[in-house]
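1. Got a sequence here, can you model it:
(chains A and B)
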Amino acid sequence: MSKLRFGIIVFPGSNCDHDAEAVCNALPNAEAHLIWHKETDLRQSDMIILPGGFSYGDYLRTGAIARFSPVMREVTKFANDGRPVLGICNGFQILCEAGLLDGALMRNANRKFICKFVTLKVKNNETIFTSEYEKNAVVRIPIAHGEGNFVADPDTLTRLKDNGQIVFTYCDAHGNETPDSNPNGSLENIAGICNKSKNVMGLMPHPERAAEALLGSCDGKKLFLSLVRSFMLQTH
Amino acid sequence: MTEPVVTLELAKKYGLLPEEYNRILAILGRTPSHTELGIFSVMWSEHCSYKNSIAVLKKLPRNGKHLLAKAGEENAGLIDIGDGLAVAFKIESHNHPSAVEPYQGAATGVGGIHRDIFTMGARPIAALNSLRFGNPTDQRVRYLIDGVVRGIGDYGNSFGVATVGGEVYFDKCYQGNPLVNAMSVGIVEHHKVARAIAKGEGNPVLIVGSATGRDGIHGATFASEELSEASEEKRPSVQVGDPFTEKLLLEATLEAIESGYVVGIQDMGAAGLTCSSSEMSAKGIEKTGKGGMELTLDHVPIREKDMTAYEIMLSESQERMLIVAEKGHEQKIIDIFKKWDLNAVVIGKVTSDGKLRVWHHGQLVADIPPMELVLGGGAPVYYRDAVEKKPNTTFPTLKPDAEIDFQKEILSLLSRPNIASKQWVFEQYDTMVRTNTVVGAGVSDAAVIRLKGTTKALAMKVDCNSRYVYLNPRKGAQIAVAECARNIACSGARPLAVTNCLNFGNPYKPDIFFQFQEAAKGMGEACEKFETPVTGGNVSFYNESVTEQGTVAVYPTPTIGMVGLIDDVSKILMATFRQDGDTILLVGGKMSDTSSGALNGSEFIVAFYGELGTDAPHVDLDAEKRLQDFLNQLANQSLAQSAHDVSDGGLVVSLLECAIMNQTLSLGFDVELSAQPSETAIQELLFAETQGRVVLSIRPSHIEAVQALAKEFELSCDAIGTVGGKAARLRVSGREIFSATIDAIADVYFNALENALQLEK
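-> Numbering: from 1, shown residues only, chains lettered A, B, ... in the order given. Next comes the predicted model:
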């Protein structure tokens, strides 16, 4: 049985690349390797992860420079071929900048960087990224960002809703999407979305930081397990 | 460009004393060039030479069985932790830059200390900091807090190392001169440790990383004088940080060291190229009997036009390193840095004639024996006068307990910025990146970072109650070490070693130097007792500012940074209660320790009576050591559910913190204490900051085992209550003193600091 091969893109300034790598390598039937942003060959990867961090220092605008990196042309092709691409935090920002996902991520409403555990609601569990979760499950996963305030125009929002593209929202411990449980001012508490064909997903929270009981939560691990499972089903 | 003529006047302007200038003339046998004068002035500045402190620092205990590098020998201390791994750690101040330019000052403080760690080949795994400000309702102070916190956050978050803890302390003595002390902790495999040495005649010398600009020239000198209104003009002396470049520099540096072609490497911090080249050369001469270095500044990548040799040598541009490579393999190093889009340029070579020779535009602009420049070589060493001057403080006449509304005063104490949660600060730091943070900032006694690939974890902590040190420098410094060690032990770890950041006023004032000498003595005594050697650190003098009342020094603040080892992550202990029905114990100290003066130095007498008292609280180093050993046993035998020390705010604050600090699992308690028959016994019992005490929670079935263990270590151990419910209830000798819901207490504790920062004055 062949293993699922995660390819993790390393931009200069990526800093959650090793974290994602460690989680993927600990999964059953999976392995991960790092791909330097100057490389253009993605043939050794079944799935691509754009990790968190501060690509190119995020000096212009988060993700704005990374999208011009040589590897991003290949990632776009990869995504357009219908293959899975996951963007975490800075990776989500890059996917929006690259036009692979709708909307944009602005400065947090309180204009400060925020790092803490939050509770999320799984709005759509019928994706390759979320099949291991129950629908409407409430999960604990940390955030760590200064620019995670999701915005989209009304038409886009309607489309996201109608197509079931809203995958995660911020909620309280009981699953209510309240203003108090929205850490960054995101439109309709949106924490993660996918594209129309549901092979590309971006989310601001860090599932790779919630994959071990020792670190406070295992809730993020199911996202990676979902990917392994969908890969197994597909290759059999 | 014409350079200034070198005279005694110019030397004085650069911070040198007349006798120091005369020594330079004697060493060189001629008048120094302008570049040479610059080199001597920064190398002999307080900041680089430790000239007023080294005689005292040398008396600190520096030996220990796990030490791989001693204080001052490398860029940071190095401790063996088994499994072929070592931990490198150090704390450093960036006070003066942060006072005039808080954002960049704090950011470059973080960058500088991380560079000290990865220049040794260690990957930084955590950062901590100790911050001290004036009154948080003051506008200027708020500007400083905002800038410093954003500076630390933006730099550390982007660099990708978790900022896992620290302390934030407020007192008006820091109004004009905040303290910003940053600590970095890194891990390195023994065989990959890199040394700061220039050896091997003919080996090429490379400058790597950022291009050199005019920023930070004379930063080291600026750090060696008092702050005044004119300090604002020194804003250009503050360096500018670029965490993105530092991240690239980290990865490239570790890759270069891994290649095996790096002979020696040192980061460029204070005094930039001057300090790195002279210290590396001096180390080569000291260790191999010969050495020296020749540099051609024309090859240094610069980012501003027409820079003089003086400017290039003194620039403190950030994110740079000096590397001595193995001859013939320099291209390998250059290629690695090129991969990370960084400069790496050969600018000179190692020589054997014992000289540091610097060329620019075909001219020999400096020709100095490097040994004369460095600490332990020719740098001056002074013994300053020390005269005790007791602070003019008093102990208040205590009100009878009957006149105190304890319910109100306890909540009011909990809302003091020094006691309340610093969550507002810590949430702006990435506390989890690299997925090793088991215990993050502000939720327990110390931060705990696990070491991937092993069963081990490191506990780490920075601490100093400077009010105690002000009241009694020797005892106060003992307490700083003791409290740090207690916090480490409460986390289930064995204290390993200490780094320190000694923040004091002007050492030329005998009363300040007395504080310094006494604090160093107290620190040494505690470190000796706990077998935690001092592995290095930093001295920051001249922390004084001009106020309406004249020049005011900060409280003497010997910040202690400590690291401890946990062999098995399953033995990690946390501060907060875990289960309904558990028994609460108070261990150490004695109930009867509430003699008169027990409230000395406590947050309560400052808050309630507006007085400091006349002494630091009581501390017994032998008992502290026994308490640490007891906690160690307790953790190893998995006998405790939680452990939290009693410190600022006293026993009552400690109990409340046990209940609420962990927001995902807050549990109430029911506690009954007994007080001596005295009119003031209750306030002393609740609020005294008597050292050497911890609050434990244990399973009821373990009580006999725990009490037997306490007896073995000659510690008192009293059951004082039970964990459970959603309220905190406290009775003293049958009388109800305090009762509130956990939610109400948490609301006060977690919002007080933010409220204070937003309050209209």
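2. can you give me the helices for chain A?
-> For chain A, the helices defined by DSSP state H occupy A:17-25, A:70-80, A:90-97, A:154-162, A:221-234.
3. Is stretch B:160-175 in proximity to chain A?
-> Yes: counting by Cβ under 8 Å from any Cβ of the partner chain, chain A has neighbours in stretch B:160-175: B:Gly160. C-betas here are computed from N, CA, C, even on glycine.
4. For that stretch, list every residue counted as buried.
-> By neighbour count on 16 or more other Cβ atoms under 10 Å in any protein chain shown, the buried set for stretch B:160-175 is B:160-171, B:173-175.
5. for stretch B:47-61, same thing?
-> B:47-54, B:56-57, B:60-61.
6. ditto for stretch B:576-591
-> B:576-578, B:582-589, B:591.
7. Average pLDDT for the helix or strand containing B:Ala482, rounded please.
-> Using DSSP states H and E, B:Ala482 maps to helix B:473-490. Average pLDDT, helix B:473-490: 98.
8. Strands - which of the buried residues of stretch B:160-175 land there?
-> Those of the buried residues of stretch B:160-175 mapping onto strands are B:163-170, per DSSP state E.
9. which two in those residues are spaced the farthest apart?
-> B:Val164 and B:Phe170 (21.4 Å; Cβ to Cβ).
10. Tell me if I'm right that B:Gly692 and B:Glu624 touch.
-> Yes: contact criterion Cβ atoms under 8 Å: B:Gly692 and B:Glu624 qualify, at 5.1 Å.
11. okay, the two: which has more neighbours?
-> Set B:Gly692 next to B:Glu624 and count neighbours by other Cβ atoms under 10 Å in any protein chain shown: B:Gly692 wins out with 29 against 24.
12. got the contact list for the more buried one?
-> Shown in contact with B:Gly692 (Cβ atoms under 8 Å, 6 or more residues apart in numbering or on different chains): B:482, B:486, B:588-589, B:619-620, B:623-624, B:627.
13. B:Val263: helix or strand, and which one exactly?
-> strand B:262-267.
14. hang on, the earlier thing: out of the ones in strands among the buried residues of stretch B:160-175, which one sits closest to chain A?
-> B:Thr163 (8.9 Å; Cβ to the nearest Cβ).
15. Close to chain A: what parts of chain B are there?
-> Residues of chain B lying near chain A (Cβ under 8 Å from any Cβ): B:150, B:153-154, B:157-160, B:242-245, B:247-248, B:340-341, B:427-438, B:450, B:452, B:569, B:664.
16. picking up where we left off before, which neighbours do B:Gly692 and B:Glu624 share?
-> Counting by Cβ under 8 Å, 6+ apart, the residues touching both B:Gly692 and B:Glu624 are B:482, B:486.
17. and the spatially most central residue of chain B, bridged to which residues?
-> In chain B, the centroid-proximal residue (Cα atoms, centre = their mean) is B:Ile91; its distance is 4.0 Å. Note on B:Ile91: beta-bridge partners by DSSP bridges are B:Met183.
18. Hmm, B:Val498 and it touching each other?
-> No: the pair B:Ile91 and B:Val498 fails to qualify as a contact (Cβ under 8 Å) at a distance of 9.4 Å.
19. so what sits against both of those two?
-> Joint contacts of B:Ile91 and B:Val498 (Cβ under 8 Å, 6+ apart) are B:Gly561.
20. what's near enough to touch B:Arg384?
-> B:52, B:507-508, B:510, B:513.
21. still on that earlier bit, which one in the buried residues of stretch B:160-175 is the model shakiest on?
-> B:Gly165 (85).
22. Which residue comes closest to it once chain neighbours are left out?
-> Closest residue to B:Gly165 apart from its sequence neighbours, by Cβ to Cβ, 6 or more residues apart in numbering or on different chains: B:Ala447 at 3.9 Å.
23. B:Asp743 too?
-> B:Lys726 (7.4 Å).
24. What distance do you get for the one you found to chain A?
-> Counting by Cβ to the nearest Cβ, to the nearest Å, the gap from B:Lys726 to chain A is 15 Å.
25. Likewise for B:Ala719?
-> For B:Ala719 relative to chain A (Cβ to the nearest Cβ), the value is 31 Å.
26. Provide the secondary structure category for the residue in the stretch 1-150 of chain B that chain A sits nearest to.
-> Residue nearest to chain A within the stretch 1-150 of chain B: B:Arg150 (7.9 Å; Cβ to the nearest Cβ). Here B:Arg150 is helix, with the state taken from DSSP: H, G, I helix; E, B strand; the rest coil.
27. Could you list which residues are in contact with it?
-> A:112, B:103, B:428.
28. quick one: which of those is nearest B:His361?
-> Of these, the one sitting nearest to B:His361 (Cβ to Cβ) turns out to be B:Tyr103, at 36.4 Å.
29. Residue numbers of chain A in contact with chain B?
-> So chain A meets chain B at A:12-13, A:15-16, A:18-19, A:22-23, A:52-54, A:56-59, A:112-117, A:142, A:144, A:146, A:206, A:208-209, A:211-212, A:214-215 (Cβ under 8 Å from any Cβ).
30. Can you flag the buried ones in these?
-> A:12-13, A:15-16, A:18-19, A:22-23, A:52-54, A:56-58, A:112-115, A:117, A:142, A:144, A:146, A:206, A:208-209, A:211-212, A:215.
31. distance of the residue nearest to B:Asp743 from B:Thr664?
-> Per Cβ to Cβ, to the nearest Å, B:Lys726 is found 14 Å from B:Thr664.
32. for B:Gln549, same thing?
-> Counting by Cβ to Cβ - B:Gln549 and B:Thr664 are separated by 47 Å.
33. Those two: who's more crowded?
-> The residue with more neighbours, out of B:Gln549 and B:Thr664, is B:Thr664; 11 against 6, by other Cβ under 10 Å.
34. these two touch, right, the more buried one and A:Lys116?
-> No: using Cβ under 8 Å, B:Thr664 is not in contact with A:Lys116, being 10.9 Å away.
35. Show me chain B divided up by domain.
-> According to automatic domain parsing, chain B comprises the domains B:1-50+B:195-381, B:63-193+B:421-572, B:398-403+B:573-761.
36. how far is the last one from where the chain is centred?
-> The chain centroid and the centroid of domain B:398-403+B:573-761 are separated by 26 Å, computed with Cα atoms, centre = their mean, to the nearest Å.
37. quick revisit: state the number of residues packed around the residue nearest to B:Gly165.
-> B:Ala447: 29 neighbours (other Cβ under 10 Å).
38. list the contacts for residue 165?
-> As the question left the chain open, I've gone with chain A. A:Gln165 neighbours (Cβ under 8 Å, 6+ apart): A:102, A:124, A:159, A:193-196, A:198.
39. that's the other chain; I wanted chain B
-> B:128, B:426, B:440-442, B:446-447, B:460-462.
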